[in-house]
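Chemist: quick one: sequence plus predicted model below, questions after.
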Amino acid sequence: MGLQGNLKSVSFPDLLQLLTMGGKSGTLKLTKGDESKEIFLKNGQIIYAASDRTEDSFENAIIKRENITLDQLNKAREVSRITNKGLPATLVFLNIMTKEHVAELVRRYVEDIVFSLFSWRDGNFVFYENELPDLEFMVHALNTMNILLEGTRRIDEWTRLQRNLPPDSTVLKVVASAFSDEKQFHLTPEDAQILSLVDGERNVEEIKRRSPLDLFATARALNNLIISEIVKPIGLKESTNTREVEEGGLIAAIVELYAPSYRIIVDKLKSKVGKSAYSRLDKIYGKGKDSYKVVEFISLEEDGLDLSNLTELVMKELPPEPRIHDVSSGLAEMLSGLLSYAHNTLGDNLYRDILSNLAQQAEKILAEHEQAFKQYGIYADYVRVLKNR
């Protein structure tokens, strides 16, 4: 283990500059609370970055920017699992995207992670010198000194933007005379993207949420549009995002209930019947997808069922009205299929052990969200599956 410390003593920009000037190669790991991010350097230059936050995943990056359909993403996930290739390389392999397109997405993905670290004022860091993972896709055009300059500039500009922008509840409308012949202005591609979201009904918070750009670029574009008098505030409106945030939190809680349950069952099956369990899992997964769209948002991996992107995809792809019901019903049906297979395969004694483990792991999350879970039938769905089995 090499250099280590806390960002209170050494700021992230200073730390990155130290490694850059020293021409270091290795992995810089930074942690804050339960959040962890890594930057990979070769001869002082950033070649990749990663984060353990689901919202920072490469999948979410391409979903947010709408560069891929859900069917294409699911196909790429499956091929990635079978071939053990990373998702970026798989997208190229399947001709879903060109190598140049993926390289640009990876570059922006890495930049977003690195720039997010400039706002960290606290957190621990460790630099593992000469320790680098095998990377199928690396960034070749990222100049670390330029990143340092841009990151510092962004922090200063972000402070200014926060002062200038109206409150998040402010509704914006395009100025009717903005595109008259007498007026001349220059719109950047980012400005145009954000302008397309201004409809006289959405407020600032809703525009930020729907934006394909990162938060900083969105704020900068909004500021440009306002000071150029292309858009103007017309009133205040409580964000519809309030309900969406609540729904998103509830769906995340449903995932927190079911994901460990799936893992308990799959781990027990794998320990007893080995890899042959996977073919049966594939059938249960396929049947679930035929009945519930939400199951499409689960990824079938070699080590089990991955629900890490489910909340984001549900909020993006499913209509608001029935989605909590659809998620609860779909995940309950998958649990029922897994339990049925476990019972038939493992026998009564091991099956009772599984039920006991499920009840134990679910106790805390059920108690924590008891009122909402009972209100929306989530509690009843989960308990029904366990009792019926």
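Modeler: Sure, I can see it.

Chemist: which stretches of the stretch 51-200 of the chain have low pLDDT?
Modeler: 54-55, 64-67, 70, 137, 140-141, 180-185 (pLDDT under 70).

Chemist: all helices of it, in order?
Modeler: Taking DSSP state H, counting those that start in this stretch, the helices of the stretch 51-200 of the chain run over residues 58-64, 70-83, 87-93, 99-116, 144-164, 189-195.

Chemist: tabulate the ones you listed in CSV, adding columns for mean neighbour count and distance to residue 209.
Modeler: No exception for glycine: its C-beta is placed from N, CA and C like everyone else's. What follows is those, written out as CSV (neighbours: other Cβ atoms under 10 Å; distance: least, Cβ to Cβ, whole Å):
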stretch, mean neighbour count, distance to residue 209
helix 58-64, 19, 10
helix 70-83, 16, 19
helix 87-93, 20, 24
helix 99-116, 18, 16
helix 144-164, 14, 17
helix 189-195, 17, 12
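
Chemist: outline the domain layout of the protein.
Modeler: What automatic domain parsing lists as the domains of the chain is 4-157, 165-236, 241-388.

Chemist: on that earlier part again, select, out of the helices of the stretch 51-200 of the chain, the one closest to residue 385.
Modeler: helix 70-83 (25.1 Å; Cβ to Cβ).

Chemist: identify the residues contacting residue 267.
Modeler: Residue 267 is in contact with residue 304, counting by Cβ atoms under 8 Å, 6 or more residues apart in numbering.

Chemist: element containing it?
Modeler: Using DSSP states H and E, residue 267 sits within helix 241-273.

Chemist: pLDDT averaged over that helix - what is it?
Modeler: Taken as a whole, helix 241-273 has a mean pLDDT of 85.

Chemist: report all helices and strands that the next helix or strand after that helix contacts.
Modeler: Next helix or strand after helix 241-273 toward the C-terminus (DSSP H and E): helix 276-291. Helix 276-291 sits against helix 241-273, strand 299-301, strand 304-306, helix 323-346, with contacts defined as 3 or more Cβ pairs under 8 Å, 6 or more residues apart in numbering; DSSP states H and E.

Chemist: again, only this time at 7 Å
Modeler: Where contact means 3 or more Cβ pairs under 7 Å, 6 or more residues apart in numbering; DSSP states H and E, helix 276-291 is packed against helix 241-273, strand 299-301, helix 323-346.

Chemist: out of these, nearest to residue 96?
Modeler: Nearest of these to residue 96, taken as Cβ to Cβ: strand 299-301 at 16.2 Å.

Chemist: other SSEs contacting the closest one?
Modeler: The contact analysis (3+ Cβ pairs under 7 Å, 6+ apart) places strand 299-301 against helix 276-291.

Chemist: buried stuff in the helix it packs on?
Modeler: By neighbour count on 16 or more other Cβ atoms under 10 Å, the buried set for helix 276-291 is 277-278, 280-281, 284-285, 288-289.

Chemist: how distant is it from the center of its chain?
Modeler: Averaging C-alpha positions (Cα atoms, centre = their mean, to the nearest Å) puts helix 276-291 25 Å from its chain's average.

Chemist: tell me the first helix or strand C-terminal of whichever strand or helix holds residue 352.
Modeler: Assigned by DSSP H and E, residue 352 belongs to helix 348-368. Scanning forward in sequence from helix 348-368 by DSSP H and E, the next helix or strand is helix 370-375.

Chemist: now the helix or strand just after that next one: mean pLDDT?
Modeler: Downstream of helix 370-375, the first helix or strand assigned by DSSP H and E is helix 378-388. Across helix 378-388, pLDDT averages out at 86.

Chemist: next, the angle helix 323-346 makes with helix 378-388.
Modeler: Helix 378-388 runs at 20 degrees relative to helix 323-346, counting by axes from the mean of the first three to the mean of the last three Cα atoms, to 10 degrees.

Chemist: buried set for helix 378-388?
Modeler: Neighbour-count burial for helix 378-388 flags 378-379, 381-382, 385-386 (criterion: 16+ other Cβ under 10 Å).
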